[in-house]
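In: Coordinates for the following, if possible.
(chains A, B, C and D)
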Number of protein chains: 4
Amino acid sequence: MKRKVAILGATGAVGQRFIELLQGHPWFDIEVLAASERSAGKKFSEACKWRLESEMPKEIGDMPVVNTTLKEVKEASNVDFVFSALPGNIAGPIETEFAAEFPVVSKASAHRMEADVPLIIPEVNPEHLGLIPIQKKNRGWNGFISTDPNCSTIQLAITLKALSRFGVKRLIVSTMQALSGAGYPGVASLDIIDNVVPFISGEEEKMESETRKILGTFDGKQVQPANMTISASCHRVNVKDGHLEAVYVELEQKPSVDEFKAALRNFVGEPQKLKLPSAPEKPIIVREEVDRPQPRFDRDAGKGMSIVVGRVRSDSIMTFKYLCLGHNTIRGAAGAGILSAELMAAKKLI
Amino acid sequence: MKRKVAILGATGAVGQRFIELLQGHPWFDIEVLAASERSAGKKFSEACKWRLESEMPKEIGDMPVVNTTLKEVKEASNVDFVFSALPGNIAGPIETEFAAEFPVVSKASAHRMEADVPLIIPEVNPEHLGLIPIQKKNRGWNGFISTDPNCSTIQLAITLKALSRFGVKRLIVSTMQALSGAGYPGVASLDIIDNVVPFISGEEEKMESETRKILGTFDGKQVQPANMTISASCHRVNVKDGHLEAVYVELEQKPSVDEFKAALRNFVGEPQKLKLPSAPEKPIIVREEVDRPQPRFDRDAGKGMSIVVGRVRSDSIMTFKYLCLGHNTIRGAAGAGILSAELMAAKKLI
Amino acid sequence: MKRKVAILGATGAVGQRFIELLQGHPWFDIEVLAASERSAGKKFSEACKWRLESEMPKEIGDMPVVNTTLKEVKEASNVDFVFSALPGNIAGPIETEFAAEFPVVSKASAHRMEADVPLIIPEVNPEHLGLIPIQKKNRGWNGFISTDPNCSTIQLAITLKALSRFGVKRLIVSTMQALSGAGYPGVASLDIIDNVVPFISGEEEKMESETRKILGTFDGKQVQPANMTISASCHRVNVKDGHLEAVYVELEQKPSVDEFKAALRNFVGEPQKLKLPSAPEKPIIVREEVDRPQPRFDRDAGKGMSIVVGRVRSDSIMTFKYLCLGHNTIRGAAGAGILSAELMAAKKLI
Amino acid sequence: MKRKVAILGATGAVGQRFIELLQGHPWFDIEVLAASERSAGKKFSEACKWRLESEMPKEIGDMPVVNTTLKEVKEASNVDFVFSALPGNIAGPIETEFAAEFPVVSKASAHRMEADVPLIIPEVNPEHLGLIPIQKKNRGWNGFISTDPNCSTIQLAITLKALSRFGVKRLIVSTMQALSGAGYPGVASLDIIDNVVPFISGEEEKMESETRKILGTFDGKQVQPANMTISASCHRVNVKDGHLEAVYVELEQKPSVDEFKAALRNFVGEPQKLKLPSAPEKPIIVREEVDRPQPRFDRDAGKGMSIVVGRVRSDSIMTFKYLCLGHNTIRGAAGAGILSAELMAAKKLI
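Out: All right, here's what the predicted structure looks like:
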């Protein structure tokens, strides 16, 4: 039997991706669409200006939008859990309200760094879901909050997990991030035409702190952050989708270039072993062309769920340098949330 | 009395910038325009499709184009020296031919790394011009070749020179380079729309080797490369002009952020002391806004001759990280050549 | 003695252009900067995020911003007249309030089509300023309102005035308009990357109605709209500045292509005769290249005040077709206002 | 049994689209890939830099490339017919050579306007295939040449056919065409960034002449061009795929807006009746949103084979104005060729 889900923030950019990706999903059915008071009471097709290249699914367009409150979502229908695609600045208290009764799988940053809240990438740290019973007990909730990392962090962390056998000590990353990462309307066209904006508020801090938590060790009680140093410089470029990251990594061991690539190429995690519906066959694709990955050509690899790595070179300062690319609104947002929920479903957490 | 110059490769993208920047120049007059056989014999306005936003100067348009051979340039007029804006793949032997009789100030990469050829940034290593008499003697030439570095190297090296008081040990740089760096037609629009191309042939190697030569020590006989390690990752973004570079630098000393900025801000070199006509008042401008430098807004600083630095932060892995930006076809190409020639003129080398 | 001006809406995109273009103006001095309540009381440099490639003038940055009310502007200083760069949706009553005491030269659309309000292009219909005494009398004002047309209208109307000797009967125009026409933040980058938006709210109606008023006849009492039919289709393209328009025009007479071009090329109006400070030497430049005008290359012609026409061809349906291009925030906005004010100053109206 | 095809010009931009669209085709199998001498003898994956977002099909990459001569294609394998994706400047004699023995379905312009060569859009003028036996007889060929129109013509002509019941007398069209229409490398990025290029060589003439032939009457012997006047102005914008056209059409009758839209919306042709594999269910989709069609959002409608019309308005000069959009390398190129071949297969011509 399929689980019924509510999407909080359904009319926004990430909410739309959730809707698109959940079409025909074998395990989850969209039951409630929730958004701000302004949209509540309207048909979804009237409340939402659809911004994806795909068409808005007709039956979704005909659904009513309800206000993003626990009371109104519950009145609308019975749901098994909720996806939160809420804007970061309002997500905090709303998610807390819902977590009292429902599992909340959240793309928002509000609760990510709280000690008893898992920050999950299914291929990387599924064992961190062990925080959930602790969190429920701590907070006296029937539900819980599980979070997905920042978009630019996810793709990086997946490559680092694959490299963890070599001991990741330090890394420097310089990003070239896509416009859709800023939501809609997001970046003004006059700011980005013939330009790069070398600043994304809070992004460098998120990459540095979230990565250490994700790659940290869960000892049954808490997550000990990974002992590695990360320094990020984040930049916005004139690309629709697909974050590109130039990574310099220092390892404890000195694998050959071939061993390094093989570790990336052969990496699989629990989603692959469990054959979760949204799991890409290959979490990481390593390309050999001299000029790849490129956002427009590689962002849709593995239906947007694979990370594409290229230009692996040994480095004179760190141990290796490479480029990695991921689709920021699929693997970096809605697809991440869905894969997390699939993992929780497989583990009977939702 | 003004010096008469020939421009080799006058119809190309860099050649056009030389022409534009030499309009009204107080010391240099364009006397001969030389280009490939295909253009030779035509009026410049017929041979050249002008690609700059400024208008082609009328009197330049009426000048004849001569073939890029020593014989034909000499027959066309008496010149005092030549600027070479030739494509890298053909510049080598042509510049050698001209150097037998004339000073050649070259933007091409062909001779940059030869031991007796100076690789000059006037603010950084004017003393390397001491290689010229050695080169003339070595090669038995009446003229000589002096070269300007690669565009992405120049802006970086200027900041490193300003930081040299702190002892630069190692640096990592990740570039976001403009389309005009690839010349014309250069990058196909279908390759860069909604995209980044994370590869520029030969660029990383040039940044790594040229920087060490430029910052090296001239002992009266030769240049000893600077003892520093550099690792570059180079990427092309959808920007017309202006290379943006994310730099991570490790220093021997640990200045404060303010001392670091002051060293950049207060840096001046010989062009400023000599008040050379094309010298910017400030070789480096440090901006305090959280989101600068940006290519479209900062590339024209100091008439395209100033480097703009921003986002100076102390770093957890290296000592500092910062962004720097320069106009790649002015400070990084034609303007660099003209400033070098002005320095040589001031030193009676041309 | 220079006239003192206040700029209403000084922090917006058009307001910034007014400030930029008034630097060093021989007749006008910026005395008061007014903006919304949110900005009032701050220094201009704190209230305004400067969006132009030029630097914010330092002395402007240090000026205080006052609220956009008649009372507060009067308290701030004595001014001779005001430029209104207010957003269209709030300009109406504010301009009315100011007009009771001051001449208001407005870029906003609010009052353009009112019968006693001149809609001025100085080269086209300076005689329409004859409406001003009528308006003052009608409304019992000490000041008055004079308006400048919509940006896409101005460039078209200038070419039509030059062609008026041939009798303009009908015209079809299809526009490719720049992003800056929508103000800031204006068009979202996600809406325009790899895209065209074939709709600009109200634009087609403005082009059709304003053009007829501008080219209409002032009989000493009122303006009789020109007897011509206009049909516009307006589209937004991924260009920063410079509206490009494909025009098909039906004339009563059948001039030759050369006569047609000569009429455009030789056109001058009162600003040229009066040598107004902002008047371009040539209101219209006709280019002969097969592929001009182009926004990036032609928008700055005549310091952004000339209209560039190209590809004049006789047509099988209408009489001629051609392209015209103008800088939408200079000739189409702030520059238009300044030139209008200069005309009024020359005529002792301000 | 599936027909075996050769693709001439297989490594080019249109050739690649043919390969992509023929994957899994129910009637046609790619048997031979032919390209210029430079590519001949190589594996396709070595000869071709794949420029589509999809991956090059593996089995295609392993196929050998043969030289584009009749002899070498015949030696390579038996084929039933050939698709020509050759560049316009070399297609003429090569297609003639092949037509002596094979049906040639050509995207090139070389033979389009020859009197006995059909210029086919399957929904519009399938009866023009009646020229084929005449052509074979005229020229003494075993094969024949059938051509597909220019990309910007196809989408326009489909809408005109749907409107033909109202009597199309005259039309004005202003295009905003995509970069991919110029092939690869095609438009230089430096020419189009922050710009529009208002000229495409030969395009206006093609739209004007081809449309009249396509919509002309085949009387059993020849095609009498349609008695309508067309005037085009063609412009290149910074869009990857999808030509957008602003159309003004004068009709003999005066249908209501609803009748006009219904004629477009309900239009079907032989491909729909015959249920050809590549036929879109709806040749024309009419959208009601005020700001559609848009290239990025509408070009993939009907797998790139539907034309999207929007903004239908009655017009003050012509009868109606509207926007139409089509995918220029699918419906406008490779998809057009495949649909034409399907029609010929259904009619036993190949």
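In: Give the helix, strand or coil label for the residue of chain A most remote from its centre.
Out: What lies farthest from the middle of chain A is residue A:316; by Cα atoms, centre = their mean that is 32.2 Å. Three-state assignment for residue A:316 (DSSP: H, G, I helix; E, B strand; the rest coil): coil.
In: Distance check, residue A:336 against chain B.
Out: Distance, residue A:336 to chain B, by Cβ to the nearest Cβ, to the nearest Å: 22 Å. Just so you know, the C-beta spots here come from the backbone N, C-alpha and C atoms, and that holds for glycine as well.
In: give the contact list for the closest residue to residue A:197 other than its chain neighbours.
Out: Leaving aside its sequence neighbours, residue A:197 sits nearest to residue A:236 (Cβ to Cβ, 6 or more residues apart in numbering or on different chains; 4.2 Å). By Cβ atoms under 8 Å, 6 or more residues apart in numbering or on different chains, the contact list for residue A:236 reads A:177, A:178, A:179, A:181, A:182, A:187, A:192, A:196, A:197, A:198, A:199, A:200.
In: and the closest residue to the second one other than its chain neighbours, how many neighbours?
Out: What that stands for is residue A:178. Distance criterion Cβ to Cβ, 6+ apart; nearest residue to residue A:178, sequence neighbours excluded, is residue A:239 at 4.6 Å. By other Cβ atoms under 10 Å in any protein chain shown, the residues close to residue A:239 number 30.
In: For the stretch 151-300 of chain A, give the residue positioned nearest to chain D.
Out: Minimum separation of the stretch 151-300 of chain A from chain D (Cβ to the nearest Cβ) falls at residue A:194, amounting to 4.9 Å.
In: can I assume that residue is in contact with residue B:237?
Out: No - contact criterion Cβ atoms under 8 Å: residue A:194 and residue B:237 do not qualify, at 10.1 Å.
In: who has more neighbours, the two?
Out: Neighbour tally, residue A:194 and residue B:237, criterion other Cβ under 10 Å: the higher count belongs to residue B:237, 26 against 22.
In: Across the sheet, point out what pairs with the closest residue to that one other than its chain neighbours.
Out: Computed as Cβ to Cβ, 6+ apart, the closest residue to residue B:237 that is not its neighbour in sequence is residue B:176, at 4.5 Å. Per DSSP bridges, the residues bridged to residue B:176 are residue B:244.
In: And the pLDDT for the residue nearest to residue A:197?
Out: Residue A:236 carries a pLDDT score of 98 in this model.
In: just the one 5 residues further on next, same as before
Out: On the pLDDT scale, residue A:241 is placed at 98.
In: Also residue A:89?
Out: In this model, residue A:89 is scored at 89, pLDDT.
In: returning to what we had before: neighbours around the residue nearest to residue B:237, how many?
Out: Using other Cβ under 10 Å, residue B:176 is surrounded by 26 other residues.
In: ok so, going back, the residue of the stretch 151-300 of chain A closest to chain D: what's it in contact with?
Out: Here residue A:194 is in contact with B:238, B:239, B:240, B:295, B:296, C:240, D:193, D:194 (Cβ under 8 Å, 6+ apart).
In: Spit out the contact partners of the residue farthest from the centre of chain A.
Out: Going by Cβ under 8 Å, 6+ apart, residue A:316 touches B:208, B:229, B:230, B:231.
In: can you rerun that using 7 Å?
Out: B:229, B:231 (Cβ atoms under 7 Å, 6 or more residues apart in numbering or on different chains).
In: For residue A:121, see how far away residue A:260 is.
Out: 20 Å (Cβ to Cβ, to the nearest Å).
In: er, residue A:314 I mean
Out: Distance of residue A:314 to residue A:121, given as Cβ to Cβ: 27 Å.
In: mind listing the helices for the stretch 101-250 of chain A?
Out: Taking DSSP state H, counting those that start in this stretch as the test, the helices found in the stretch 101-250 of chain A are A:131-139, A:151-163, A:189-192, A:203-214.
In: The longest one and chain B, are they touching?
Out: Spelled out, that is helix A:151-163. No - applying Cβ under 7 Å from any Cβ of the partner chain, one finds helix A:151-163 separated from chain B by no less than 14.0 Å.
In: then that helix to CSV, C-alphas only?
Out: Extracted C-alpha coordinates of helix A:151-163, given in CSV (Å, rounded to 0.1, in the frame of the first residue of the first chain):
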residue,chain,number,x,y,z
CYS,A,151,22.6,21.3,-2.5
SER,A,152,26.3,22.1,-2.9
THR,A,153,27.1,19.9,0.1
ILE,A,154,25.4,16.7,-1.1
GLN,A,155,27.3,16.2,-4.3
LEU,A,156,30.6,16.9,-2.5
ALA,A,157,29.9,14.6,0.4
ILE,A,158,29.0,11.7,-1.9
THR,A,159,32.5,11.9,-3.5
LEU,A,160,34.1,12.2,-0.1
LYS,A,161,32.4,9.2,1.2
ALA,A,162,33.6,7.2,-1.8
LEU,A,163,37.2,8.5,-1.0
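In: what angle sits between it and helix A:203-214?
Out: 40 degrees (axes from the mean of the first three to the mean of the last three Cα atoms, to 10 degrees).
In: do the same with the first one
Out: Relative orientation of helix A:131-139 with respect to helix A:203-214: 100 degrees, computed using the same axes, to 10 degrees.
In: for helix A:131-139, what is the average pLDDT?
Out: So the average pLDDT for helix A:131-139 ends up being 98.
In: Repeat that for the shortest one.
Out: Mean per-residue pLDDT for helix A:189-192: 98.
In: Only alpha carbons, please: show it as CSV.
Out: Taking C-alpha atoms only, helix A:189-192 is exported to CSV below (Å, rounded to 0.1, in the frame of the first residue of the first chain):
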residue,chain,number,x,y,z
SER,A,189,18.8,38.7,-14.7
LEU,A,190,20.5,42.1,-14.5
ASP,A,191,22.8,40.7,-11.8
ILE,A,192,24.0,37.7,-13.8
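In: OK, contacts around residue A:126?
Out: With contact taken as Cβ under 7 Å, 6+ apart, residue A:126 is in contact with A:270, A:343.
In: what does the stretch 151-300 of chain A have sitting close to chain D?
Out: Applying Cβ under 7 Å from any Cβ, we find that the stretch 151-300 of chain A lies next to chain D at A:193, A:194, A:296, A:297, A:300.
In: Now do the first one against residue A:149, distance only.
Out: Going back to what we said before, that points to residue A:193. As judged by Cβ to Cβ, residue A:193 and residue A:149 stand 30 Å apart.
In: quick one, what contacts residue A:196?
Out: Under the criterion of Cβ under 7 Å, 6+ apart, the neighbours of residue A:196 are A:235, A:236, A:237, B:176, B:237, B:239, B:244, B:294, B:295.
In: do the same with residue A:57
Out: With Cβ under 7 Å, 6+ apart, residue A:57 has these contacts: A:19, A:23.
In: one more time with 10 Å, if that's ok
Out: By Cβ atoms under 10 Å, 6 or more residues apart in numbering or on different chains, residue A:57 lies in contact with A:19, A:20, A:22, A:23, A:24, A:30, A:44, A:45, A:50, A:63.
In: Could you pick out which of the residues you listed are located in strands?
Out: residue A:30 (DSSP state E).
In: and the two most separated of the contacts of residue A:57?
Out: Farthest-apart pair in the contacts of residue A:57 is A:24 and A:45; separation 19.4 Å (Cβ to Cβ).
In: The two: which is more packed in?
Out: For residue A:24 and residue A:45, the more surrounded residue by other Cβ under 10 Å is residue A:45, and the numbers stand at 16 against 7.
In: wait, that one sits on residue A:61?
Out: Yes - using Cβ atoms under 10 Å, residue A:45 is in contact with residue A:61, at 3.3 Å.
In: State the helix or strand in which residue A:309 lies.
Out: Using DSSP states H and E, residue A:309 sits in strand A:307-314.
In: That strand pairs with which strands, and in what direction?
Out: Strand A:307-314 has its sheet partners listed here by DSSP bridges as strand A:284-286 (parallel), strand A:320-326 (antiparallel).
In: per-residue pLDDT, the residue farthest from the centre of chain A?
Out: Residue A:316 is given a pLDDT of 96.
In: which residues of chain A fall in strands?
Out: For chain A, applying DSSP E gives strands covering A:3-8, A:28-35, A:65-67, A:81-84, A:103-106, A:144-147, A:168-176, A:217-218, A:223-224, A:229-233, A:243-251, A:284-286, A:307-314, A:320-326.
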